[in-house]
Each structure stands twice: as C-alpha cells, then as structure tokens.
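Asks: Build the 3D model from these lines:
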Amino acid sequence: MRSMSRKGTPLDNAFAESFFHTMKAELIHRKQFENDIEAVAHIVEFTEFYNRERLHSGTDYLSPEDYEKLCA
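Replies: Prediction:
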C-alpha cells in the first residue's frame, strides 16, 4: 500500500492504516462480491457508515457525528 502521509510525517499514516484494517476485517473478508461495481458500492456504503455512525474507541465510543456535536 502506498503511504498516505506527507514526507517526514509517518504518523499521518496511522489513520489510513487503521481505516483500511477495519474495512478489511468488517467488510472485505466477510463478503464475496459478484463484480467490481458491487464491491465499490459496498465500500462507499461502509465508508459513509464508518465516518458517520460507527462507534470509535478514541471518542469514548461515540459516533463521529455525536462526538462533533459534543465538542461544538
């Protein structure tokens, strides 16, 4: 996998690696896709779920939307 970080900032990669690991564990390795279009659709759906609804341990198990409302 290509690095997602800028040169000299390896910690920027941690978020991307965590996301891809979670996506593989919760979606890719659990489902057999019929074709590329179905795979892309499920990946987009998972990304929306991950960014809006999924509970994250780093935010005391709040969804990202709830955490943003709490911090606003």
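Asks: Need the pLDDT of residue 65.
Replies: Among the per-residue scores, residue 65 holds a pLDDT of 88.
Asks: which residues in the protein form strands?
Replies: Read by DSSP state E, the chain holds no strands at all.
Asks: Give me the contact list for the longest helix seen in it.
Replies: Across the chain, the longest stretch assigned as helix under DSSP state H is helix 36-52. By C-beta atoms under 8 Å, 6 or more residues apart in numbering, the residues outside helix 36-52 that reach it are 19, 22, 23, 26, 27, 31, 33, 63, 64, 65. Any C-beta I mention is one placed from the backbone N, CA and C, and that applies to glycine too.
Asks: So which bits of it are buried?
Replies: Residues of helix 36-52 classed as buried by neighbour count (16 or more other C-beta atoms under 10 Å): 46, 50.
Asks: mean confidence score for that helix?
Replies: According to the model, helix 36-52 has a mean pLDDT of 94.
Asks: quick check, distance from it to the centre of its chain.
Replies: 10 Å (C-alpha atoms, centre = their mean, to the nearest Å).
Asks: ok so, going back, quick one: which two of the contacts of helix 36-52 are the most distant?
Replies: Farthest pair in the contacts of helix 36-52 (C-beta to C-beta) is 33 and 65. Separation: 27.9 Å.
Asks: Between the two, which is the more surrounded one?
Replies: The residue with more neighbours, out of residue 33 and residue 65, is residue 33; 14 against 11, by other C-beta atoms under 10 Å.
Asks: What backbone torsions are found at residue 27?
Replies: phi -130, psi -60 (degrees, to the nearest 10).
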